[in-house]
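Student: show me the folded form of this:
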Amino acid sequence: QVQLVESGGGLVQAGGSLRLSCAASGFTFSSYVLSWVRQAPGKGLEWVSAINGGGGSTTYADSVKGRFTISRDNAKNTLYLQMNSLKPEDTAVYYCATGGESNWSRGYWGKGTLVPVST
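Tutor: Next comes the predicted model:
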């Protein structure tokens, strides 16, 4: 069955960096558009970024553009999110999901990894 397992979260200071990973199994990884989605405490889900199957096309929410970089290693079935210049408002549970900006909510999700950003 499809499995997505996020890792790499943890407490980080504002201005710091963190790299999240998402290990995938149970589907043909390189055929899928993948996204990172986040949920801040007490708020709704927010799409963050997406990458196409080959890794050559990426899109970002305006809130993270220029600070976050999405990438993938199809040989390792792993999705990444490099987060730089973190802000307290980036505090959230981060999920990887199958699908892009318009359809991630109908795809498969992992259980998420928590990223608290301290001031």
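Student: ranges for the strands of this protein?
Tutor: Listed in chain order, the strands of the chain (DSSP state E) span 3-7, 12-13, 18-25, 34-39, 45-51, 58-60, 68-73, 78-83, 92-98, 113-115, 117-118.
Student: quick one: average pLDDT of the second one?
Tutor: When the per-residue pLDDT values of strand 12-13 are averaged, the result is 98.
Student: again, but for the first one
Tutor: Confidence over strand 3-7, taken as the mean pLDDT, stands at 98.
Student: what pairs with that strand, and is each one parallel or antiparallel?
Tutor: Strands flanking strand 3-7 in the sheet, each with its direction: strand 18-25 (antiparallel) (DSSP bridges).
Student: in the strand it pairs with, what's buried?
Tutor: Within strand 18-25, the residues that qualify as buried by neighbour count (16 or more other C-beta atoms under 10 Å) are 18, 20-24. Placement of C-beta: from N, CA and C, glycine included.
Student: likewise stretch 81-94?
Tutor: Of the residues in stretch 81-94, 81, 83, 86, 90-94 count as buried by neighbour count, 16+ other C-beta under 10 Å.
Student: next up, the contacts around the residue nearest to Ser85 when sequence neighbours are not counted.
Tutor: In space, and not counting its chain neighbours, Ser85 is closest to Arg67: 4.7 Å by C-beta to C-beta, 6 or more residues apart in numbering. Under the criterion of C-beta atoms under 8 Å, 6 or more residues apart in numbering, the neighbours of Arg67 are 83-86.
Student: which of those residues lies closest to Ser31?
Tutor: Of all these, Ser31 sits closest to Met83, with 26.1 Å by C-beta to C-beta.
Student: would you list the buried residues of stretch 81-94 in CSV and tack on pLDDT and distance to Gln3?
Tutor: Compiled in CSV, the buried residues of stretch 81-94 are given as follows (pLDDT from 0 to 100; distance: C-beta to C-beta, whole Å):
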residue, pLDDT, distance to Gln3
Leu81, 98, 18
Met83, 98, 23
Leu86, 98, 27
Asp90, 98, 26
Thr91, 98, 26
Ala92, 98, 22
Val93, 98, 18
Tyr94, 98, 17
